[in-house]
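pasting the sequence and the predicted model now:
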Amino acid sequence: MGEQVKINVKYVVEDTDRHGNVRVYLRKPGLPKTRLPTPLGSPEFWKAYHAALASPAPEVAPKAGEMVKGSFHWLVSEYYKSSMFTELDPKTRATRRGILERFCENIPEGATTPDGVKPFAEILPRHIRKRRDAMADRPEAANGMVKVLRQVFKYALRYDLLDRNPADGIELLKSGSDGYHSWTLAEIEKFESKHPIGTTARLALALALYTAQRRGDLVQFGKQHVRDGWLIFTQNKGRNRHPIRLELPIVPPLRHILDASPTGDLAFLVTAQGRPFTNNGFGNRFREWCNEAGLPHCSVHGLRKAAAARLAERGCSEFEIMAITGHQTSKEVTRYTKAASQKTRAASALLKLTAERN
């Protein structure tokens, strides 16, 4: 009897069980271990061998928390490392993180995997519109999401990860809201009646009304910013990327209230314990002061809007108002002051009409 020739086939291994039976398996990296018929080299073996080699590799679901390169979640993580993100203000970074993490965790209707797992290169405008439309009951949140996605895909374009921005042409929803309520003169007087001169609440109102600044600036104002009767400072918003330096005169009403109010050294506005307010802490405390005055619909940001509107009512140009608020374009100022500007223009026009008749 001649000696048996052993056949070697790529990716094929033989295992012998405890009973001496030989079993043949295909063991190719990326493919599941597959048992093949014997004997090795038989027609049945070759048929099964080639079928196993041609079978597609099974999809392996990523483990919890695992980042898949090329996924939208991966793109977001790369965006977080870029200067486009790191140079933003801490508050803006936190807001964007919240929006993007919610987007990544969202599982669209009819799908089994969240949006973050999908390849970012396959995200099309219709996918973003569908996600926007699902938030139609919260138009401001939907618009905020679209704006943040534009920035993420702008990063992808800038770093040659994509050749298009699928969020660029996405239309924003109409919110039907004018934003924060702008205080009326009667509401200001009501607040002043509840919180007299000498209280921190009244000082906070005066700082907001006579400087027209955001709460992030109000909590940082201190004696170090005062020079020859002027407040000289760099606005907190965007100070790392596009710093805006302002010089505002301390008008007599504000000067009077500052002199009559207890203040800290490095911050005019301090807590009952004498410590400077945090941004959020001040917002919460001002909310309480408004509630105490019977003004639950009013807010500290509404005073910035009211200040801009009062300037417009007194005939100030958009550029004059921008010199106080720090806005770099007239678009936002126009949104703040459109009602007041209309009133001023109407009064001026009708006075001209009556002058002609006289």
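Nice, thanks for sending it over. Numbers count the residues shown, from 1 in each chain.

low-confidence regions, the stretch 101-250 of the chain specifically.
Residue ranges of the stretch 101-250 of the chain with pLDDT under 70: 176-178.

and the helices in it, which stretches?
Taking DSSP state H, counting those that start in this stretch as the criterion, the stretch 101-250 of the chain contains helices spanning 125-133, 139-158, 185-194, 200-211, 215-218.

could the ones you listed be laid out in TSV, adding distance to Cys290?
Bear in mind the C-beta positions are built from the backbone N, C-alpha and C, glycine included. What follows is the helices of the stretch 101-250 of the chain, written out as TSV (distance: least, Cβ to Cβ, whole Å):
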stretch	distance to Cys290
helix 125-133	33
helix 139-158	21
helix 185-194	7
helix 200-211	9
helix 215-218	13
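
I'd like to know which of those helices lies nearest to Glu292.
The minimum distance between Glu292 and these falls on helix 185-194, with 6.0 Å, by Cβ to Cβ.

tell me the helices and strands packed up against the closest one.
Applying 3 or more Cβ pairs under 8 Å, 6 or more residues apart in numbering; DSSP states H and E, we find helix 185-194 packed against helix 200-211, helix 279-292.

okay, the ones you listed, which one's buried deepest?
helix 200-211 (a mean of 22; mean count of other Cβ atoms under 10 Å).

roughly how far is that helix from the heart of the chain?
28 Å (Cα atoms, centre = their mean, to the nearest Å).

picking up where we left off before, and Phe72, which of the helices of the stretch 101-250 of the chain is closest to it?
helix 139-158 (8.3 Å).

now do the buried residues in that closest one.
In terms of neighbour count (16 or more other Cβ atoms under 10 Å), helix 139-158 has its buried residues at 139, 142-146, 148-156.

you'd agree Phe268 is in a helix?
No. The assignment for Phe268, made by DSSP: H, G, I helix; E, B strand; the rest coil, is coil rather than a helix.

I'd like to know how many residues surround the residue nearest to Thr113 when sequence neighbours are not counted.
Once flanking residues are discounted, Thr113 sits nearest to Ile107: 6.9 Å by Cβ to Cβ, 6 or more residues apart in numbering. Other residues near Ile107 come to 12 when the count uses other Cβ atoms under 10 Å.

for Phe72, same thing?
Neighbour tally, Phe72, other Cβ under 10 Å: 25.

ok, it - contacts?
Applying Cβ atoms under 8 Å, 6 or more residues apart in numbering to Phe72 gives the contacts Phe103, Cys104, Asp115, Gly116, Val117, Lys118, Pro119, Phe120, Ile123.

just give the closest residue to it, not the sequence neighbours.
Nearest residue to Phe72 in three dimensions, chain neighbours excluded: Phe120, at 4.3 Å (Cβ to Cβ, 6+ apart).

how close does the one you found sit to Ala111?
16 Å (Cβ to Cβ, to the nearest Å).

who has more neighbours, these two?
Set side by side, Phe120 and Ala111 show more neighbours around Phe120, with 21 against 11, by other Cβ under 10 Å.

hang on, the more buried one packs against Val68?
No. Using Cβ atoms under 8 Å, Phe120 is not in contact with Val68; the gap is 10.6 Å.

shared neighbours, the two?
Trp74.

from Phe191, how far out is Thr200?
Thr200 sits at a distance of 13 Å from Phe191 (criterion: Cβ to Cβ).

repeat for Thr234
29 Å.

these two: who's more crowded?
Neighbours were tallied for Thr234 and for Phe191 using other Cβ under 10 Å; the higher tally belongs to Phe191 (23 against 15).

who's in contact with that one?
Here Phe191 is in contact with Trp183, Ala201, Leu205, Trp289, Cys290, Ala293, Leu295, Cys298 (Cβ under 8 Å, 6+ apart).

try it again at 7 Å.
Leu205, Ala293, Leu295 (Cβ atoms under 7 Å, 6 or more residues apart in numbering).

can you pull the phi/psi pair for Tyr180?
The phi/psi pair for Tyr180 (degrees, to the nearest 10) reads phi -60, psi 140.

my guess is it contacts Cys298. True?
No. Under the criterion of Cβ atoms under 7 Å, Tyr180 makes no contact with Cys298, lying 8.9 Å away.

the two: which is more packed in?
Per other Cβ under 10 Å, whichever of Tyr180 and Cys298 has more neighbours is Cys298, with 25 against 17.

quick revisit: distance to Ser77 added to the contacts of Phe72, as TSV?
Output for those, formatted as TSV (distance: Cβ to Cβ, whole Å):
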residue	distance to Ser77
Phe103	13
Cys104	10
Asp115	14
Gly116	10
Val117	13
Lys118	15
Pro119	14
Phe120	11
Ile123	16
